[in-house]
Structure formats: structure tokens, C-alpha cells
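In: Structure of the sequence below:
(chains A and B)
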Amino acid sequence: MAAGNPILQIDNITLAFGGVTALNGISFDVAEGEICAVIGPNGAGKSSMLNVISGVYVPQTGRVVFREQDCTRKRPRQIAQLGMARTFQNIALFQGMTVLENILTGRCMKIRSTWIEQGLNIGRARREEVENRRAVEEVIEFLHLQGIRKTPVGKLPYGLQKRVELARALVAEPIMLLQDEPMTGMNLEEKKDMSCFALEINREFGTTIVLIEHDMSVVMDISDHVVVLDYGAKIGDGTPDEIKNNRDVIDAYLGVTH
Amino acid sequence: MDTFLALLLEQARKNSDLPALRTKRMGIWDTLTWAQTRDKVSVLAQLLSQQGVGVGTSFGVFGPNHTDMYLAYLAVHSLGGVVIPIDSNTFGEELRRQVQSTDVEHILAFEQQHVDALLECEQTCVKRIFYINRRGMENYAQPELMSLPENLEGIEASTAFLEQMDGQRDSGEIATILLTSGTGRSERPVELSHGALIATARSIAQRETITKKDGLLAYLPLSASSDFLFSYSLTMVTGCAMNCPESDDTVLENMQEIGPTILFGPPYVYKYIYTHASNRIESARTLDTKIYKAALRAVMTVASHRAEGRRGSFVDWLLFMFARITTFSPFCNIYGLSRLRLALTGGDAIAPDVFNFFRAIGIDLRETYGQVEGCACVTMQSSEDWNSDSVGVPLDGTEVRIENGEIWFRGPGQMKGIHKNLEATAESTKDGWVRTHDAGHLDDQGRLHVHGQISRMGKLNGGGAFAPDMLETHLRSSEYIKQAIVIGAGREYPVAIVTVDGTITRTWADRRSLRYTGYADLSAHASVQEMVREYLQKINEFLAENPETASMQLRRFAILNREFMASAGEVTPTRKLRCHEVAEKHRGLIDALYSDALEYTYTDPVDEESYTLPLGNV
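Out: Presented below is the predicted three-dimensional model:
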């Protein structure tokens, strides 16, 4: 997918919790249609960055501009309505509900009918139910989840739960997808599947993807653009090749001998 | 005329609005009626005809069990082409060999995965690759590729086209070339005619009165001769509905939804249900387990009476009926077996315990015997036959005879020959009879008993007879043992390599609070070894009862660190063990079993990790 205009602009973000500065004057752009990876050692501020973008944290200074709208002080729900969806580092699914039901919750943003219509199953409610189910089924097919459609999420292995979470984000038909450490704790096979899915989502739907990742090999293979954070500061920003040769990054993160 | 096209036109005329093919997509069962099927086939046939598919063209069909695949069968058969079904999981050298040995020129691939596998194959005579699913295919520019959905647009359905084709078809035309499984000998491409397949299917349908009201599930790999006969041919002959599962992982779930009335499955399918049920019971509450076990005892008692031809007491019968109604009727419902009126198995010997179990709970399970050379079915048991020893009597019009202990057959279902190999054809046939390379005998009621593959039988060094197939069937009777191979011809004593069933062994180990990290660790666990040893001792006791089999008692065994796998070339797509390949691959282990060693360390080529297997004395 060829990169286009910036869809997300991060401008001089500073975020502090009490005396701890999690993010210190971070700025970078994410172009439309690209896969952008945010990497960094533990405690670098990666997850905080994602939470600022999705509106969970409000930064002390700086601006987040998504689709030409200032989102810095918007609520997560309002940002989601602009076309942003995310997955979480610690799986945040409803453990007792089935895969199908969990994915359906990703459609709640699309529901326009009132609770009265839903209760009586008339008018828009009926039409929407069919529409929503179809959207869910498309994602189920896309991510090969047919075999576990009716399995309660709590019974699934970790790797599959991650995939269900991705499905829930995807079913909201996002313009931009945020993934928080999608591959942590996975085996090689699952990591490969997950990288393929990221590439396919990007190619098929043109979704911009911002992902936080620990596993360098995966990141370098699939992303168009890499941002490196360390102790809340940005120390690298460029293509995977540029990052590989960036002295600061090597020192801070890759640990290659000098 | 007995051709698949004639059958299609007839079904579309007589049963136009009845369901023909169903497939589950997006969570919904999509149904094609016979009339719709005919129209779709006519469109596809016109396109294929334009692309040069004609009489005798080898047309590969490569993908999962999907309605579109079977529509392609029909379209190719309409044009007089030869369908070469290829299992969805084939790739690399094996795919190249299959495509090459059957001279595939045109091939239909289901999706990207299959196209990729084909593009990697070099030096084949494939001229054109059609594909159905466009996902991920945007950047493929190879000139031989052609997307079906796009090219089918604008072609009008035309029954006249099919009728015109019908006039040119002949029942002697080759319908398909199927590869023999190669479990005993090397794989050979076998040519089967329209007439042979239809005659075999018709003979089964008439014997069991299978009609348009029946339904079946097409879930076996396309390349299996049993799928060609029991799914495709049987549907075409009877007009019953064929249902295609959504994916490989959903077969059990889809079976429950559909509730087929006819089911063919190789022994592993029945074993799977049997083990799956045992596993659930193992992990159920104590009271439930007790009720289930009591019910099972009640039905098994009557089943064993019937197998021995005795009449049991009235109380036994009462308990039997009570257990069936209260316990096994819900059981069948859970597994989608409650509408089942005919369950067939074949391709390999079924373990007696598994057979008895299904018979006892009220499933009319029958053993069949057949080979690719005989359209997958030559003999079939009758409903009254409660003994898993025999594989029943020949189908109507088919004859079986024994010559020097070897089974030969002839009948309307026999093959046309081995593809492009007159020498092999001559070797396999004599005066119109086809040889099976299997040993067996006919009993006084004309029922056939199969002893095993001749090439595997032999003598022990001490002079005692050795029949590994029989021993393996006994080993597989245990729900904990999934696969087994017995070696011993020309050796001092028989030894066995077994693999344990991961799911049920895990449940078993968890109940005993055993500590293990994974499958390999569990299979090497001393308690698991002990459990398998106890089971082998029981088999030995049974063997010792009969002087003929006393010398066949197993002395040593090993449990492998993984299951035998299709991807390692150790089992066929229908999960039959390829004994020669397995023996060749695990030569080191076998040698260790014939030494005094107590363990064997080797590097498994599959994952290149080193494993130490304990070697047990029985």
C-alpha cells in the first residue's frame, strides 16, 4: 500500500504521571495507508503513546490530530467514531461470551436503532442485526475463525484470543487500527499468522495500522515506517532500513556491539 | 447412458426444486437445488469448453470440499474430461508428482494457497490455472492464471448446451484418475470410468434404498476414492443432498447441524468420536461417569450376545433399551448421529471395540472393503452382521475369489486400467479379474475376511506366522493409542511403535496429577509407558490363547514423541499408515528395539529437535 498524506499527526506530546514523565515532547506523523511500528525497550512509553492517541490519556501539552480533527481532548468513544479501533496488550475480551458475541460488540458503534426498536425487533433494528451479523461473518472468514464461532472466549488458547480481539477491532471497519503488542507471548507460527493478517488487512481494506511491538524481526519485515522511543523520548523515526543503521537506536535498543 | 451428465440432467428434471448441494458460508447454509446446479454447471462447462477442455482432457480439481469443486467435477464430466481430484493440503514434490503422473493440463485451484503451491511446481504440463477465491490475488500477473468468477459473468445458462453434450458422452469414458494410497506398494494412477463408478454407487443405493430424501456430508479429502464414490457418485445416482462443511475445523459442528442420514468414514473418524466421547466422560462428574459406564455395560452386553449369535435374557434386553433411550439417544444427538441410518467404514480395518461400541449404541455401522481399483467398494456387511471380523458379501454383480490366499475380484465397478502403464495393468489383472494384494478368505456364508496386505505378511525367524495388520488393529482398539505399527517379519519377535492420542491421554494424566510440558514429554512419561505396557500385556494374553497367534506376542515397544503425520509422508490423506515409509524413516528406532537398549536418542527431522524415547519391554 503506497503511503499518502498524514492521517495522524502527533505534535509535541508530553505526558506525565505525577513526577514521572512518560512521554517527553514526542512528534511524528503517520501517513495514510501505511503500517507504522512504534518500538522501544520496556518502559519507553509505547503503551502510553497509544493511549494518548486513542484518547484514554489526555497529555499535558501537545496535540493529536486525526483526520484533520484535533483529538487531544476528545473522549475515546468520539475518537472511535472518527474511525479508529484498537486492540489491547492484556486481552480485554468478555471471557464468558462466545467468539461471535465478542466480535459483535465491535459493531456497537454502528447501531442507530433505539432500544425500543431492538426490543420489539422491528424496523431498523432488524435490518441492522442482519447487517451486523454479515459484517461479523466477513471478518470471521477473513481471520479463519469459523471453527470457534460458538466457543466461549475463556476456553481459547492465548494466540486465538488475540485473533478474536483483532476481529473485534476490525469489525468496526476502522480507518486506522492501533495494535498494542499483538504478538507478545505468541509462538513463531502464531506470530507469522498475525503478521500476515496485518499485511492483508492493510492491503485489502487500506487500513492504516499503528502497532507497538517488542519483536524486532517482525516489525522490520512488515512495517513501512518505524518510530523508536526510549525513556519517553523519540530517538528514531524512519524506514526500517534507516532504523537499522541508526546509531542511537542500536545503542538503546538493539544492543549491537560497537 | 450411465454418465454423470445424464444423471445431472435426470435429477434436474425430476427433482428440480430439491436440494442438491449445500455449503456453509458466512455462517449460513447456502443451498443449490438440482435445477440451479444444472444451470451453474452449464455456465462453467461453456467457459471450460471455450478454454479448450474437451474429451480426455485431464482437469485437476485442487481444494477443500466445497460446492464449487463438485460443480467443476460435473462441468468437466459434461465435456468428457477426466477429473483429477487433489487433496487441499498437498504441496511441493507430492503435488508435482500427482499433477505429472496424471498429465493434468488444466487445473482449478480454490484460493491463493493452492495457486501458490501450483506456481511453485515446475516442469508440469499445466497450461491454465483457474481460481475461485480472489482474496490476495490482486498482484498475480502470471499469464496462465484465470479468475473464474469474473470470466463466468455474462455466460448464459443453457440446458441445450448440456443436452447437446449429453449426446456425445459414453459411459466407458474415463471419469477420473485416482492415485492408490501407496500404503503397501508404490502409488499408481488408476483410471475409473463413468460406468464403473455409477454401477458401484447404484448397487449400494439399491441395496440400502438410498433416495433423494437422504443427506450426506462430503468431508473426506477430494483425492480419496471414498469421497468420489460415497459423496459425489452416490449423490448423483440417488439425488440426495450433499453437504460441504465450512472448513476442516468445523466438520463435527456441521455434522451436528446437518444430521446426515448416510455417513462414510475411514476408521479414524469413528475412533475420533469414540475417543472424544470417552474424553468428555473422563472429565465429567463422578455420578455422570457412573451412569454412563453402567449404560455402556448394558448395551455392550447385548451387543456381544448378538456378535456371538446368542439370545440374551429379557432383563438384559430391557436394560439395553433403557440405556439406549436415556443415554445414547442424547449422545447421538450431540454428535449429529441421530438421523443416521447407515454408517459405513472402510479403507482400513476398524478396531473391534470401536465397531462394537457404535453397533451397541444403535448406529448401523457396516464395514466395507474396497480398493481404488474397484471404485472404493467391493463388499459390504449387512445390518444383521454383528461381528467386525468379516467385511461382508460382495455387491450385486461383483464376484470375489481367493487364489493362493490372495483376494481377487471382478465386476462392473472394476478399473479400466492403470494410467499409461500397460505393464502394471497386466500385472494387476488376469482374465478379467483384478488382484488386491490383500490376503483373506471367504467363509461358508460367502462373507469375506481380510487378513492384511500380503507384502507385509511374513514369518518370524522362529518360523511362526506374522500378521502385522491384525496386531495393529488390536493396538488401535485402545482409546489411548492413536496409531501403531508392528514390525517383525524376518526378525526374532514382533515389536511395536505406537503414538498416543494427545487429547485423551492429557485428560488421563491430569486426573492423575502427572507433570509434563507437552505431547513429547507426556508420551515419554513413565506412567504413560506403564499404561501402554499393561494394554500390550492384555493383547499378549489374548494372543497366547490361540496356538497360531502365540508366537506373535509383542516383546518390545516404543511410544513416539509425536504422531505420524501426513506432512512427513507417514500417513495418507485418509490417515492410513504408510508402513514402508514409516519403517524406513524410523529404522534407527526399530534397530534399537531389537537391541537391549533401554532408551533411544535421535534428532527428529520434523522439528530438528533431539528426543530420548524410553524403550519398554512388555
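In: Which one of the residues in the stretch 151-300 of chain B is closest to chain A?
Out: B:Asp249 (2.8 Å; C-beta to the nearest C-beta). C-beta: built from backbone N, CA, C; applies to glycine.
In: Get me the contact residues on the stretch 51-200 of chain A for chain B.
Out: Residues of the stretch 51-200 of chain A lying close to chain B (C-beta under 8 Å from any C-beta of the partner chain) are A:133-134, A:137-138, A:140-141, A:144, A:146-150, A:200.
In: Dump stretch A:126-146 to CSV, restricted to CA.
Out: C-alpha atoms of stretch A:126-146 as CSV (Å, rounded to 0.1, in the frame of the first residue of the first chain):
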residue,chain,number,x,y,z
ARG,A,126,-34.0,-6.0,12.3
ARG,A,127,-32.1,-4.7,9.3
GLU,A,128,-29.1,-3.7,11.4
GLU,A,129,-28.9,-7.1,13.1
VAL,A,130,-28.6,-8.7,9.7
GLU,A,131,-26.1,-6.2,8.6
ASN,A,132,-24.0,-6.5,11.7
ARG,A,133,-24.0,-10.3,11.6
ARG,A,134,-22.9,-10.2,8.0
ALA,A,135,-20.0,-7.8,8.8
VAL,A,136,-19.0,-10.2,11.6
GLU,A,137,-19.1,-13.2,9.4
GLU,A,138,-16.9,-11.5,6.8
VAL,A,139,-14.3,-10.9,9.5
ILE,A,140,-14.7,-14.4,10.8
GLU,A,141,-13.9,-15.7,7.3
PHE,A,142,-11.1,-13.2,6.9
LEU,A,143,-9.4,-14.3,10.1
HIS,A,144,-10.3,-18.0,9.8
LEU,A,145,-12.3,-18.2,13.0
GLN,A,146,-15.1,-20.4,11.6
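In: Give me the average confidence score over it.
Out: Throughout stretch A:126-146, pLDDT has a mean value of 92.
In: So what touches that stretch?
Out: A:99-100, A:103-104, A:106-107, A:110-113, A:121, A:149, A:160, A:163-164, A:166-167, A:170-171, A:173, A:197, A:200, A:204, B:25-28, B:246-247, B:249-250 (C-beta atoms under 8 Å, 6 or more residues apart in numbering or on different chains).
In: Need the residues that contact stretch B:607-615.
Out: Contacts of stretch B:607-615 (C-beta under 8 Å, 6+ apart): B:520, B:524, B:526, B:529, B:556-561, B:589, B:592-593, B:597-604.
In: do stretch A:74-88 as well
Out: A:50, A:53-56, A:66-67, A:69, A:71, A:106, A:109, A:162, A:165-166, A:168-170, A:172-180, A:182.
In: Once you drop chain neighbours, what's closest to the closest residue to chain B within chain A?
Out: Closest to chain B within chain A is A:Gly147: 2.8 Å, counting by C-beta to the nearest C-beta. Computed as C-beta to C-beta, 6 or more residues apart in numbering or on different chains, the closest residue to A:Gly147 that is not its neighbour in sequence is B:Asp249, at 2.8 Å.
In: Enumerate the residue intervals of chain A where per-residue confidence is below the cut-off.
Out: Scanning chain A for pLDDT under 70 picks out A:1-3, A:253-258.
In: which one in it is furthest away from the centre?
Out: Largest separation from the mean C-alpha position in chain A: A:Leu120, at 35.7 Å (C-alpha atoms, centre = their mean).
In: give me the number of residues near the residue of the stretch 401-550 of chain B found nearest chain A?
Out: At 11.6 Å from chain A, B:Gly518 is the closest residue in the stretch 401-550 of chain B, using C-beta to the nearest C-beta. Neighbour count of B:Gly518, defined by other C-beta atoms under 10 Å in any protein chain shown: 11.
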